[in-house]
Structures are given as C-alpha cells and as structure tokens.
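Novice: give me coordinates for this.
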Amino acid sequence: MSPLKGLVAAVAILAAAGAGLWAGQTGLLKLPMTQVAVMTEAHPAAIGPVIYYRDPDGKAFYSLTPRNTDDGQAYVAVLASEDVSFDQKTKAASAAQVADAPAGAKKIKFYRNPMGLPDTSPTPKKDSMGMDYIAVYDDEDSDDGSVKVSPGKIQRIGVETVAVSRHPITRTIQAPGTVAIDERRVAVVAPKFDGYVVKVGDVTTGTHVKEGDVLATVFGQAILDQAARLLIEESSGFTRGDDAFTPPGLKGPGGVVGASRRLQNLGVTQEFIDQVKHDREVPDTFTIRAPISGDVLERNWSDGQGFKAGDVGFRVADHSVVWMMADVAEGDIAAVKPGERVKVTTRAYPGRTFEGRVTVLYPHLMKETRTAQVRIDLPNPDIALLPDMYGNVEIATGGNADALAVPESAVIDSGNRQVVLVDLGDGRYEPRDIKLGRTGDGFREVLSGVSEGDKVVVNGNFLIDAESNLQSALKGFEAASPTTPSNTEASQ
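Specialist: Residues are numbered from 1 along each chain as shown. Next up is the predicted model:
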C-alpha cells in the first residue's frame, strides 16, 4: 500500500470512531453497559443506619464498632438494608422502617430495649452501647400483658410446652447407710443350769443352721434330778406338797405337773419330757438344738468344757431380713416418715436395687456428724446383704396423693416472685404469677396462679424473656406508682 493510501485509511478510522463517540453521547447509538453500570442497576445503594462492620476480605469476622484488620485495612460498614435476616417479617419491617413504609404497612407502636431491659421509647433511639432499639408493631403487643413471638423464633429457640396436671410430689433424700442385723432375729443359746459340754455338734462360727439342728450334747445334774422326779410323780399318781398351790388349769392328767414344770423352766423341750415318760428312764445327757434358722455368730463351747447357768454357748442370727441404718442429714429429718419407700444400692452388686421401707427414726442426733439414724427393713432372702456392708440409700419422701404441679424448668424464679409463661396460642405467651408449695423430683406444687390443663413453657422460657421483652410485660402486672413516671414518659 502506498503512503498516501495508508494516510487516507487512518483518517477514515479516526473519523468513524469520532462519529461513534458523538452518536453515543447524543443518544443516537446505544452503547453496551459496562460491568459497573450493571452492578449499580441490579443492586441499589444501601440505606439505613450502620448495623455492624465486617472484614474487608470477606472473612467471618464482625464488629459492632469501627476497627481495622491486622494489616491496617478498615472494616466495611454494613447498613440496615444490607443485613441478612432469617426472619422475613423482621427484614420487611426493617426495610419499611428505613425507607418510610407506604400506606397500609404495619404501624410501629413503640421501640423496646434491644437487651430486654424494661425500657421503651415512642421514637427510634440507641442504648448506652449504641445499639438501636427494636420496633414493636401493633400485632406484636397487647394491653393484656401478654407477649408475642414470631413462629420463626419459636422454632429456632426450641420452645416446648406441657399441660399443667397432677403429679405425686416426692423428694428423694440420699444418705449413706450400713447394713445391720435385725435385733429381733437373734437367738442366744445359754443354759439355765450348771453343767459341762459332752460334745459340740458340727457347728462353727459362720455355719448356717436350720431350726432344730444339734448344736451340742451337755450334761446337767439339775436336768437328771427333775427327770427322775418326773418318773416318781407319774408312778405315785399324786402331786408333791410343794405343787399343791399349782392352779388347776395348769395341771395335766393325774395332777402330776411339778417335775414337768421345772424341766420346762430349765429350758428342756417337750420332746425330752415325752421321751422320759415313754422310755421310763432318765437319759444321762441332754441335747441342745438350734432355736432358729440362721448363721452362727458365736461359738463359745468346746468338748469337755464346763459352764454355769447363763453362760452363752452359741449366738445365731437370721439374715433373711436385715436393717439398713441410714445417716440422714439434720435438714432432711423432718421430711422422713415411717412407711416411706426406700431403694438401696451397693458396690458389691452394681445394677441391683434392694427395696424396703422406713420403720424407725431414732430420737437422737449425732452431734459429730449432725445426722440422725433412720432404720429401714430390707428383705434379704438370698443373704446378699451382709452386716456392716455400705449402701447408698434413696428415701422417697412426700405424700402419695397427687397435687397440681408444673415441671421445675417451667418456673422463672427471681427470688421474691415466681412466674410461668402460659401459652395462649398463636404465638402469644402470658407471664403469670404463681404461688408454689412443695418441691419434688422434677416438679413443683402450684397452689394458685394456673389451672389444670393450662399449657406452660418448659423449654425456651428464658429465651422468650430475652427475645420478647418479657420484663416489660411483667411490669404490666404491677400497679404503677402515681409519683413515678413510666419508662416511655422518661424517654420523652
């Protein structure tokens, strides 16, 4: 191409470019929109107050006040219209509040403290931390003192309600205990005559014996004398002079009762007396048998040993029923009553529970431990519980009659007043003062304030308190002092 033709082509290109620029400026030619223009048209400028500040690099770091990153970059302010809300109603309300909602929109009744404090304002304001007060609309507040929570919040905070019903109010008292022998099930073998031991039976300490088993064979001169006298009296057919004053009702056939009565007083069994009468001879020894079934606690005799009247030869205990001696703290003594059910667990038998009942409350307090002993009868058929074994005792105190009660988690206790949240339906909850009675395992007796069948909040009540300004609703139950201005008047 010649230099002249190249110059002409360049001039033509410049002229076309200038014409296009002029056409675009005058509107005769529509130029394509730049990326910035597209973003500006799709996302209008943010409006509203600053809600919080976010990390400029898009990291999950936020701040309620202006701040800089570690490398010196300033956090980006997020305005009200840019905030993401999971509650669509709240988001719409915020947009309406910021952009002057059109006619027909919900009317704002007042603004409440964002931290749940009992403080309201008729106009938008900030608290001491710079947080905006939250708008309360007409359908979110009522003059009856109830509060309303949106369905979305109810679901997120996991609100649960139960119906007020009747339950047995029982309080479980826990105490340590020790297994002891039932004193009424101990028998002592102590002859009432002097003698000596001919032979001890196959019995040692710890041996389990049955009633009637042979414990020992003994010799006693007093037994032999009275047995011989018995034969003489039966042969003569009359009663000796020293038996003349025996009441007729105690005399046996033939009036011979003197020797028999003396043998019985010496501890001889009727079986021995009948044997003497039948055999018509006096045996040289006398057999001592176990008076009850049980375990031998003591064996004090040996073969050939002499003894005096009253000396203890054996001690036998029946362990089929034992005592559990529980040490109950001084503050719990008044709640324990005879006949109440008891559960006992031991280290020796994990997972096994022994059941019994309270029988006796000992009338003395141990000053060293500030506890009182409570005696519990425990059936022990398989002899699993051994004397001096430790156990954990649980006493179910309280009456068996049912009482109107609510779960403990339903009660909001401020110390000087107790409140429950009653579910009125449609997201409304009414704080109601109640009067409490006894406290049991998981339940508290209600004397007044709610009726059977009312639904009360048992889970999420404290979150409802924070989310719905419960304290402001509670103020409606208190009589306003004529000399004290309200929070709304004070804020004005």
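
Novice: so which bits of stretch 50-67 are buried?
Specialist: The neighbour-count check on stretch 50-67 (16 or more other Cβ atoms under 10 Å) flags 50-54 as buried. Placement of C-beta: from N, CA and C, glycine included.

Novice: would you mind measuring the gap between the ends of that stretch?
Specialist: Start-to-end span of stretch 50-67 (Cα to Cα, to the nearest Å) is 14 Å.

Novice: same thing with stretch 184-198?
Specialist: Using Cα to Cα, first and last residues of stretch 184-198 are 30 Å apart.

Novice: now do stretch 209-227
Specialist: End to end - Cα to Cα - stretch 209-227 spans 29 Å.

Novice: list the buried residues for stretch 198-216?
Specialist: Buried-residue list, stretch 198-216, by 16+ other Cβ under 10 Å: 198, 200-201, 203, 207, 209, 213, 215-216.

Novice: if I look at the residue lying closest to Lys125 once chain neighbours are set aside, how far off is Arg156?
Specialist: Once flanking residues are discounted, Lys125 sits nearest to Tyr133: 5.3 Å by Cβ to Cβ, 6 or more residues apart in numbering. Here Tyr133 is placed at a distance of 22 Å from Arg156 (Cβ to Cβ, to the nearest Å).

Novice: who has more neighbours out of those two?
Specialist: Neighbour count, other Cβ atoms under 10 Å: between Tyr133 and Arg156, Tyr133 has more, with 19 against 14.

Novice: shouldn't that one be in contact with Pro114?
Specialist: Yes: contact criterion Cβ atoms under 8 Å: Tyr133 and Pro114 qualify, at 6.2 Å.

Novice: need the residues touching each of the two.
Specialist: Each of Asp127 lies in contact with both Tyr133 and Pro114 under the rule Cβ atoms under 8 Å, 6 or more residues apart in numbering.

Novice: Val282: helix or strand, and which one exactly?
Specialist: When elements are assigned from DSSP states H and E, Val282 belongs to no helix and no strand.

Novice: find the nearest non-adjacent residue to it, please.
Specialist: Nearest one to Val282, counting by Cβ to Cβ, 6+ apart, is Ala227 at 4.4 Å.

Novice: quick check, that neighbour in a helix?
Specialist: Yes: with DSSP: H, G, I helix; E, B strand; the rest coil as the criterion, Ala227 is assigned to a helix.

Novice: that one: neighbouring residues, count only.
Specialist: Ala227 sits with 23 neighbouring residues when counted by other Cβ under 10 Å.

Novice: where's it relative to Asp194, distance?
Specialist: Between Ala227 and Asp194 the computed distance is 16 Å (Cβ to Cβ).

Novice: start and end of stretch 306-318, how far apart?
Specialist: Length of stretch 306-318, first residue to last, Cα to Cα: 28 Å.

Novice: buried sites along it?
Specialist: 307, 313-318.

Novice: the residue nearest to Val282 contacts Leu263, doesn't it?
Specialist: Yes: between Ala227 and Leu263 there is a contact under Cβ under 8 Å: 6.8 Å.

Novice: okay, and the common contacts of these two?
Specialist: Listed as contacting both Ala227 and Leu263 by Cβ under 8 Å, 6+ apart are Phe272.

Novice: helices of the stretch 51-200 of the chain, start to end?
Specialist: Secondary structure of the stretch 51-200 of the chain (DSSP state H, counting those that start in this stretch): helices located at 88-98, 151-156.

Novice: compare the mean pLDDT across those helices and name the weakest.
Specialist: The weakest mean pLDDT among these belongs to helix 88-98, with a mean of 45.

Novice: separation between Gln221 and Asp284?
Specialist: With Cβ to Cβ as the criterion, Gln221 and Asp284 are 11 Å apart.
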